[in-house]
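[1] this one's sequence-less:
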RNA sequence: GGUCGGUUGGCCGAGCGGUUAGGCAGAGGUCUGCAAAACCUUGCACAGCGGUUCGAAUCCGCUACCGACCUCCA
């Protein structure tokens, strides 16, 4: 097994992955703020890290995967100007308790993750459930001299932190002097000593719905704080991998590092990973409406699944979307288009169909071993694994699988004799191909019925229909046989005739 | 304006110094009652201009365009 390399945002280089503790990897991913439905772009990030989680486990690591739910403290706007957070805004608009809003969207988020077949994390902590930890962290920061209190709010002193630690700005590539010099032309500095400072505890005003008691009076935690507090609580002050969307790099992740460091005096994360954005019409997908057009450049997954949207010609299933995402590297932007999704859909079915064929094939004993074919198959299997070890290169690994699809189909149609393939190679192919599709890529087989009894009935019915059609074909009753084929096709059941008989698949 | 990243064939998208990426679409063929599926064959792609090199899509410089972040976003 070759070594795993991960692109580290801290160094902008691929680095060999060396875990802190071989027996348990710590993986933290920034989860959603549950004040609205997740859009497809959010789904991409979580899917990217689902692959990371799956693959780490596949190569034998035990992983503690922590992904938070932010249900408080996420400010909408500048902390100095207004203290209304995203949660409160939605709660007021819908006349609901903030917790009701959070719960509603949390349930929706979970449903969506399930549709994408993303595994649940091991721990999914909520910001509101960790107020104590966050207050303690603010206290630690104050004790270490990196925070200051003004009128019931507490701010992180970026200038002091930057002067004493060579840490701030490293992740996002910001130059400290630039950040600090921006002060001069800043109009609204408010209580902050410095424009680069940020709030870690914010005093509640009469409009604040979510408020907690603290040593500084009633208030609520700053946005970046919950990730710092919860990652420390569940993964320790130092852990292996922290992931999130590219757009969180600054200020969120930069401030997270500062807080951890400011509280615990250690740099918290060894490997920072950032997933790139999903594009719609060549622009970043975003909930925030365009200030000029007023249209938000985003699509909700459910609208894509139902086909009811203005962007695409038809409905696409969750697994087609997942497959589509796998075709691009997580660090590249990915452009959504009808043509691209159509291509992904066909590719997905082709891959699944090949796996069915492969799993149905039985090796019948070796004879006239074809060294070259064996070598090619072995090489592709190894290459796919090497690709995953190379910073989770799913598109490249997937391309290896498609080379194998070609081999599988050739074996299926007897263009390559199965007996010319070594049994060991064949069994390896069978296992690894299947592992890749289901365990590593996390694809689900949408062509199979999940309910066993329904599947049984369906199998029986299809056998019957195919037999009737075969009889019609034998008597050259093409009208009947074509009618059966066409009507089934309308039901998205595709018949495939071959010398050995007719097979069928459902394409959703 | 600052910082970073991108520009690959009809579309999506890998590759990042010498090898066919891959998917989809297209063309020709095999098979088939016809079709589908499958298989075989097929595409003079690397924004432009210079430079380095025996050799560059891949390294360096300049130009053009696009995007992200710098303010909430996965």
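    Yep, that arrived. Since we're looking at a predicted model, the values are computed, not measured.
[2] distance of the residue of chain A found nearest RNA strand B from residue A:209?
    Nearest residue of chain A to RNA strand B (Cβ to the nearest atom of the strand) works out as residue A:245 at 1.5 Å. C-beta: built from backbone N, CA, C; applies to glycine. Look at residue A:245 and residue A:209: by Cβ to Cβ, to the nearest Å, they are 27 Å apart.
[3] what does residue A:180 give?
    On the measure of Cβ to Cβ, residue A:180 and residue A:209 end up 35 Å apart.
[4] which one of those two has more residues nearby?
    Taking neighbours as other Cβ atoms under 10 Å, residue A:180 and residue A:209 compare with residue A:209 leading, 19 against 16.
[5] these two touch, right, residue A:70 and residue A:32?
    Yes. Between residue A:70 and residue A:32 a contact is recorded at 6.9 Å, counting by Cβ atoms under 8 Å.
[6] still on that earlier bit, dig out what the residue of chain A closest to RNA strand B forms beta bridges with.
    As for beta bridges, residue A:245 partners with residue A:275 under DSSP bridges.
[7] surely it touches residue A:278?
    No. Counting by Cβ under 8 Å, residue A:245 does not reach residue A:278; the two are 9.6 Å apart.
[8] overlap in contacts, these two.
    The contact sets of residue A:245 and residue A:278 overlap at residue A:41 (Cβ atoms under 8 Å, 6 or more residues apart in numbering).
[9] these two: which is more packed in?
    Taking other Cβ under 10 Å, residue A:245 and residue A:278 do not tie; residue A:278 has more neighbours (26 against 22).
[10] the more buried one: what's it in contact with?
    A:40-41, A:44, A:284-285, A:333-334, A:336.
[11] now, those residues that are in helices?
    A:40-41, A:44 (DSSP state H).
[12] of those residues, list those near RNA strand B.
    Residues of these in contact with RNA strand B (Cβ under 7 Å from any atom of the strand): A:41, A:44.
[13] and of the ones in helices among the contacts of residue A:278, the nearest to residue A:198?
    Among those, residue A:41 lies closest to residue A:198 (Cβ to Cβ), at 24.7 Å.
[14] can you tell me the closest non-neighbouring residue to that closest one?
    Among residues not flanking residue A:41 along the chain, residue A:285 sits closest, at 3.6 Å (Cβ to Cβ, 6 or more residues apart in numbering).
[15] residue A:393 contacts residue A:387, doesn't it?
    Yes. Counting by Cβ under 8 Å, residue A:393 does reach residue A:387; the two are 4.4 Å apart.
[16] any low-confidence regions in the stretch 401-508 of chain A?
    By pLDDT under 70, the stretch 401-508 of chain A has no low-scoring segment.
[17] give me that answer again for 90
    A:446-455, A:490, A:492, A:498-501, A:506-508 (pLDDT under 90).
[18] all helices of it, in order?
    A:423-434, A:452-474, A:478-490 (DSSP state H, counting those that start in this stretch).
[19] of the ones you listed, flag the one that's most buried.
    helix A:423-434 (a mean of 17; mean count of other Cβ atoms under 10 Å).
[20] ok, residues contacting that one?
    A:355, A:358-359, A:361, A:363, A:365-366, A:374, A:377-378, A:381, A:384-385, A:401, A:404, A:407-408, A:418, A:421.
[21] cool, stretch A:249-257 as well?
    A:9, A:30, A:156, A:167-172, A:174, A:198, A:223-224, A:227-228, A:231, A:242, A:244, A:267-269, A:272, A:274.
[22] sorry, back to before: residue A:315 versus the residue nearest to residue A:41, what's the distance?
    In terms of Cβ to Cβ, residue A:285 sits 19 Å off from residue A:315.
[23] in terms of neighbours, single out the busier of those two.
    residue A:285 (21 against 14).
[24] domains in chain A, by residue range?
    Following automatic domain parsing, chain A resolves into domains at A:5-275, A:301-440, A:452-506.
[25] most packed of those domains?
    Ranked by average neighbour count under the criterion mean count of other Cβ under 10 Å, those are headed by domain A:5-275 at a mean of 19.
[26] quick one on the thing from earlier: make TSV out of the ones in helices among the contacts of residue A:278 and add pLDDT.
    Shown next, in TSV, are the ones in helices among the contacts of residue A:278 (pLDDT from 0 to 100):
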residue	pLDDT
A:40	96
A:41	96
A:44	98
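[27] list just the nearest of the ones in helices among the contacts of residue A:278 to residue A:104.
    Residue A:104 has its nearest neighbour among the ones in helices among the contacts of residue A:278 in residue A:40, at 19.4 Å by Cβ to Cβ.
[28] for the closest one, give me its contacts.
    Per Cβ under 8 Å, 6+ apart, neighbours of residue A:40: A:278, A:280, A:285, A:298-301, A:304, A:321, A:336.
[29] how about the residues you listed, which pair is most distant?
    A:298 and A:321 (14.2 Å).
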